[in-house]
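Q: Sequence first, then the predicted structure, then my questions.
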Amino acid sequence: QKEVEQDPGPLSVPEGAIVSLNCTYSNSAFQYFMWYRQYSRKGPELLMYTYSSGNKEDGRFTAQVDKSSKYISLFIRDSQPSDSATYLCAMTEGRRALTFGSGTRLQVQP
Amino acid sequence: DGGITQSPKYLFRKEGQNVTLSCEQNLNHDAMYWYRQDPGQGLRLIYYSQIVNDFQKGDIAEGYSVSREKKESFPLTVTSAQKNPTAFYLCASSIGPLQGEKLFFGSGTQLSVL
């Protein structure tokens, strides 16, 4: 079983929809959680960074961490075609390099 | 403009050949990393370096080698021992060593076998 599980998609939504992306994990020691966005054949870019549990909001993006359920989410409001990309979750307990999910491919249809 | 530069963008390897992927950063970051990405898979760690002249193996180091002679540079050599080298290779850096670091990535190198 992988330490971090992420549905590969693709997830197709109409423009303006609310998107929910999720990851589950098995290592209860993870306490730093990140979401990266990766456009095709480009390097990932950091979208959201969360320490421990709770919510964090940045513009149209909201990251949620539920450590009791070992579950993290990324919500995108008012999705745009430019949001079409692969979204990677990543996490660490702080002593090892990041462990990445396999990524969810999102397509926002105009 | 600060960032991470990877070159070349595309690279082709012949049977039995070693090839080297370049990674340079001007962010003044101490730590640097190499990841491999295969289609439909997440990023897998090959090697990382927390400080000059020091580096550690990641999860899939076999068939790869690295050096860290300068803070700015962390080249990756894909040796002939790596039997399945075709993948997208990503270099990253972070301000300091492992402490919940935020990684900053280069634009990647696509390596293919001829």
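A: The structure has been received and is ready for your questions. Remember, it's a predicted structure, so these values are computed and weren't measured experimentally.

Q: Enumerate the residues of chain A near chain B.
A: Proximity of chain A to chain B (Cβ under 8 Å from any Cβ of the partner chain) is limited to residues A:4, A:6, A:8, A:31-32, A:34, A:36, A:41-46, A:49, A:51, A:88, A:90, A:92, A:94-98, A:100-103. Backbone N, C-alpha and C define where each C-beta goes, glycine included.

Q: Any of those residues buried? List them.
A: A:4, A:6, A:31-32, A:34, A:36, A:42-44, A:49, A:88, A:90, A:92, A:97-98, A:100-103 (16 or more other Cβ atoms under 10 Å in any protein chain shown).

Q: Restricted to helices, list those.
A: The helices, defined by DSSP state H, take in nothing from these.

Q: Tell me where the model's unsure across chain B.
A: Along chain B, segments meeting pLDDT under 70 span B:1, B:97-99.

Q: Please enumerate the strands of it.
A: Here chain B has its strands, by DSSP state E, at B:4-7, B:10-13, B:19-25, B:31-37, B:43-51, B:54-57, B:64-66, B:76-78, B:87-94, B:104-105, B:109-113.

Q: Does the second one reach chain A?
A: Same thing as strand B:10-13. No - using Cβ under 8 Å from any Cβ, strand B:10-13 never reaches chain A; the gap is at least 9.9 Å.

Q: what packs against that strand?
A: In terms of contacts (3 or more Cβ pairs under 8 Å, 6 or more residues apart in numbering or on different chains; DSSP states H and E), strand B:10-13 is packed against strand B:19-25, strand B:109-113.

Q: Likewise for the fourth one?
A: Counting contacts by 3+ Cβ pairs under 8 Å, 6+ apart, strand B:31-37 packs against strand B:19-25, strand B:43-51, strand B:87-94.

Q: Contacts only, for residue 54.
A: This is for chain A. A:64-65 (Cβ atoms under 8 Å, 6 or more residues apart in numbering or on different chains).

Q: I was after chain B.
A: B:D54 sits next to B:R68 when contact means Cβ under 8 Å, 6+ apart.

Q: repeat for B:E101
A: B:E101 neighbours (Cβ under 8 Å, 6+ apart): A:92, A:98, B:31, B:94-95.

Q: For chain A, find the nearest of the helices and strands packed on strand B:31-37.
A: Evaluated with Cβ to the nearest Cβ, the helices and strands packed on strand B:31-37 place strand B:43-51 nearest to chain A, the distance being 4.3 Å.

Q: Quickly run through the sheet partners of that closest one, with directions.
A: With DSSP bridges as the test, strand B:43-51 is paired with strand B:31-37 (antiparallel), strand B:54-57 (antiparallel).

Q: Since that was my last question, I'll sign off now.
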